[in-house]
Structure formats: structure tokens, C-alpha cells
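**Q** return atomic coordinates for the entry below.
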Amino acid sequence: MPIDLICLDADDTLWHNMRHFEEAHDAFIAMLQPFAAADVARETLDACEARNLKLYGYGAKGFTLSMIETALELAGERLPKGVIADLLAAGRRLLAHPVELLHGIEETLDALAERGRLVLVTKGDLLHQEAKLAASGLGDRFAGIEIVSDKTTETFARLFERYGVAPDRAVMAGDSMRSDVLPALAAGAWAAYVPQALAWAHEAGDAPVGHPRFRQLPDLSALPDWIDTIGR
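**A** Below you'll find the predicted structure:
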């Protein structure tokens, strides 16, 4: 059965993203060095960010607020006033960094466009995701742009219905097991996991090894060939 709809993640699937958050993490740990060991600062920030997702959602703005909250938690009244300003500056850098496409993305999108309609499915802050998409120059390549608060089974089910395709004629590809692969499979679609060297622990999940609609790929350029095998 051929694929009609090809859904793609954005951050760390089309362009680099996590490397910028790692730089912000490193800056945060350096600022908190007088008050907490590096591993404690990192673990406390990760826990705070996960706890705040329901309040702030995904993205640089929520991450910045979590850095400030964690700094106050670890240092309390000892925190120098200038650190808050420095953390805000780190957050602004996250919002303003250049968009760098992963290697070969434009050629891969050309190949995928020959195989089905392309839809971008990304989560995070609406304004920031729109800005990154505009800066990437890739917007015109997609038949649809879906910026969502989270990626769940229901999110994908509604998406497939909105685009008028049966789930088993759709594929989702991205670098997150938790957000790209598992919910798409649960909604009845095919799913390709394209891992990156840098990954957020929150997005981890157990690979559905042996699932007939799942494939792990070395990079996105392998997706067109895998799509060609579906339904044979």
C-alpha cells in the first residue's frame, strides 16, 4: 500500500536545535558553579523543566523560565542579581540563533516530495517555530504546517483525518521516540526513528523492536528508499 502523506519533525530532524540548548545548559552550570555541582545543577534543571512542561509548554521560553526557577532553588538569596540577567540573555540567544539545516536536507525533501504530500509536524512555541521555519527557507516545500503543543496519539489521529488519509498510508519521521515514533505508531501510521547524537532525555522511549511499521534509519536521506519498500 503506497504512502500518501509524509510527516516530518523539524527540530533536529531538519535543522540543528539541541546543540543550542546544550550551550545554554553549559552556561547555566557555569553560572551556578558556586552553589551546586555540575551534575546536581543539570539534574535539578532537567527535573524543573519536565515539571513545568504542563505550565509553559515546550521551547526556549519555558526553558528560560525553568533556568531562572532552578537558579533560585539552588542558590536562594545568595544568587547575585546579575545572574538573572545573564540567564535571560542565554534565553534570548536560544531564540535568536541562526537556523542551520542538517546535511542534505533540501535534496532529501526533493526526493520525498516525489513520494507524497509533505507535512511539517513540530511542537513548541508558535512564534519561535514559525520564525525558525521562515529562516530555514523550507516552508514552501510543505503542503501543511502543524505546530502543536504536544505530539500524542490523538494529535496524529486528528491530523490524518484533517488531511484525508488513512493512517496506514501515512509515515512520520523524527528524532524523538516519545513524540515522533510511538504516538504515530499508536495512531496506525508508519514511523521512522532518525536519532541524533544529542538528545533530550525527556524524549527518550523504548524502541518498538519488531513492530512491522517501524524502522530506525541512519539519517533522513534513507527515508525515501524505506518508503519505496512499504506495501511491496
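**Q** what helices and strands are in contact with the lengthiest helix in the chain?
**A** When the chain is parsed with DSSP state H, its longest helix is helix 38-56. Under the contact definition 3 or more Cβ pairs under 8 Å, 6 or more residues apart in numbering; DSSP states H and E, helix 38-56 sits against helix 18-31, helix 60-75. Heads up, the C-betas are built off the backbone N, CA and C, glycines and all.
**Q** of those, which stretch is the most buried?
**A** Stretch with highest mean neighbour count among the helices and strands packed on helix 38-56: helix 60-75 (a mean of 20; mean count of other Cβ atoms under 10 Å).
**Q** list of residues touching whichever helix or strand comes after it?
**A** Later in the chain than helix 60-75, the nearest helix or strand by DSSP states H and E is helix 81-96. By Cβ atoms under 8 Å, 6 or more residues apart in numbering, the residues outside helix 81-96 that reach it are 20-21, 23-24, 27-28, 31, 60-61, 63-64, 67-68, 71, 75, 128, 131.
**Q** was I right about residue 172 contacting residue 186?
**A** No - with contact defined as Cβ atoms under 8 Å, residue 172 does not count as touching residue 186 (11.0 Å).
**Q** between those two, which contacts overlap?
**A** Going by Cβ under 8 Å, 6+ apart, residues that sit against residue 172 and also against residue 186 are residue 156.
**Q** got the contact list for the longest strand belonging to the chain?
**A** Scanning the chain for the strand with the most residues, using DSSP state E, yields strand 117-123. Outside strand 117-123, the residues that touch it by Cβ under 8 Å, 6+ apart are 4-11, 14, 57-58, 109, 112, 129, 133, 138, 141-151, 156, 159, 163, 172, 174, 179.
**Q** distance from the chain centre to it, please.
**A** Chain-centre distance of strand 117-123: 12 Å, with Cα atoms, centre = their mean, to the nearest Å.
**Q** and the contacts of strand 117-123, which of them are buried?
**A** The neighbour count (16 or more other Cβ atoms under 10 Å) marks 4-11, 14, 57-58, 109, 112, 129, 133, 138, 141-142, 146-148, 151, 156, 159, 163, 172, 174, 179 as buried among the contacts of strand 117-123.
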